[in-house]
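S.K.: sequence first, predicted model second:
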Amino acid sequence: MKLIIIGWVLLLVLGQAAAAAATDRESEAKPSLAYGAKIYQARCVLCHGREGYGDGMLPMSLKNYPDTNLHEPKFGKALDELRLSVIYGGSLGTMSAEMPPWGDELTYTQVESVTLFTKLLIDEPKKAIAMVDKTQAGTRPTERVGRAIFKNYCSLCHGDNGEGDGKMAKIIKNPPPFNLTLSRAPDQYLMQIISKGGAGMGRSPRMPPWGEQFSETEIKSIILFLKTLRR
């Protein structure tokens, strides 16, 4: 325990020095949930997923990827445990060794902020997700993000090229998954059916609602990609 405390103190000193080298404003900033939400979105969502359930783009894309579900009981949920996990990563043995240590890369303010946010994400997911959405409010939708989301979540039914021939098409019948290459629906309609799902729009009830899973920026990114599939 003494070694951990000493290591943390050293990280505080190193973190403060790194903060000064980055920007004066950041070095003077106090830890906050809002700042933690931005760091989580930039550094953590790729593996842990938007809601912390381990459904980020990497786990969904790579076979045998380590479990990154932060809501699993095996992951420490106390603030001190989360802080140490952020600093030391998988070297503590409480999670996969693939978890990188962030102590040498993040400043003290960043470590504290993302720790606070991760704690909120575990305890109050909806409140935390609302903060993540707020951080994305000024970000621009991109086809690249839309393509990645489509591949991970939509291609299972609609197929890699949107032709309605995904793996689940053998099971989902009457109606089968829609051939998206034929779609000419306007953006507003696509936004609604992706958010509300098929049943919410009087279409196939097999189409799930994604409004709580994806942010508005992510849905707009999906729409950008969908339009590239049209023939």
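M.R.: Great, that's in hand.
S.K.: is it fair to say P59 lies in a strand?
M.R.: No: note on P59: no strand contains this position according to DSSP: H, G, I helix; E, B strand; the rest coil, which reports helix.
S.K.: what's near enough to touch F150?
M.R.: When contacts are counted by Cβ atoms under 8 Å, 6 or more residues apart in numbering, F150 is found next to 158, 162, 222, 225-226. No exception for glycine: its C-beta is placed from N, CA and C like everyone else's.
S.K.: my bad, should have said C47
M.R.: So C47 contacts 54, 56, 58-59, 68 (Cβ under 8 Å, 6+ apart).
S.K.: may I see the buried residues of the host helix or strand of it?
M.R.: Mapping C47 onto the secondary structure by DSSP states H and E places it in helix 45-48. By neighbour count with 16 or more other Cβ atoms under 10 Å, helix 45-48 contains the buried residues 45, 47-48.
S.K.: before we move on, what about stretch 43-58?
M.R.: Neighbour-count burial for stretch 43-58, counted by 16+ other Cβ under 10 Å, picks out 43-45, 47-58.
S.K.: and L229, how far from S195?
M.R.: For L229, the distance to S195 under the criterion Cβ to Cβ, to the nearest Å works out to 19 Å.
S.K.: and the helices in this protein?
M.R.: 2-22, 24-28, 33-39, 45-48, 57-61, 79-88, 108-123, 125-135, 143-149, 155-158, 187-200, 216-228 (DSSP state H).
S.K.: for P101, find the nearest of those helices.
M.R.: Closest approach to P101 among the helices of the chain is made by helix 79-88 (5.1 Å; Cβ to Cβ).
S.K.: what angle separates that closest one from helix 108-123?
M.R.: Comparing the axes of helix 79-88 and helix 108-123 via axes from the mean of the first three to the mean of the last three Cα atoms, to 10 degrees yields an angle of 130 degrees.
S.K.: list the buried ones in stretch 144-161?
M.R.: Buried residues in stretch 144-161, counted by 16+ other Cβ under 10 Å: 145-150, 152-155, 157-159.
S.K.: so G103 makes contact with V114?
M.R.: No: between G103 and V114 there is no contact, the gap being 11.6 Å when judged by Cβ atoms under 8 Å.
S.K.: pick out whichever of these two has more residues nearby.
M.R.: When neighbours are counted by other Cβ atoms under 10 Å, G103 and V114 differ, and V114 comes out ahead with 28 against 22.
S.K.: about what we covered before: now pLDDT and distance to S91 too, for the contacts of C47, in TSV please.
M.R.: Written out in TSV, the entries for the contacts of C47 read as follows (pLDDT from 0 to 100; distance: Cβ to Cβ, whole Å):
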residue	pLDDT	distance to S91
G54	88	20
G56	80	21
L58	75	20
P59	81	20
T68	89	16
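S.K.: domains of this protein?
M.R.: Here the domain assignment for the chain is 30-135, 143-228, based on automatic domain parsing.
S.K.: circling back: next, format the helices of the chain as a markdown table and append distance to P73.
M.R.: Listed next are those as a markdown table, based on distance: least, Cβ to Cβ, whole Å:
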| stretch | distance to P73 |
| --- | --- |
| helix 2-22 | 22 |
| helix 24-28 | 35 |
| helix 33-39 | 23 |
| helix 45-48 | 16 |
| helix 57-61 | 18 |
| helix 79-88 | 12 |
| helix 108-123 | 11 |
| helix 125-135 | 16 |
| helix 143-149 | 29 |
| helix 155-158 | 28 |
| helix 187-200 | 31 |
| helix 216-228 | 29 |
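S.K.: I appreciate the help and will end here.
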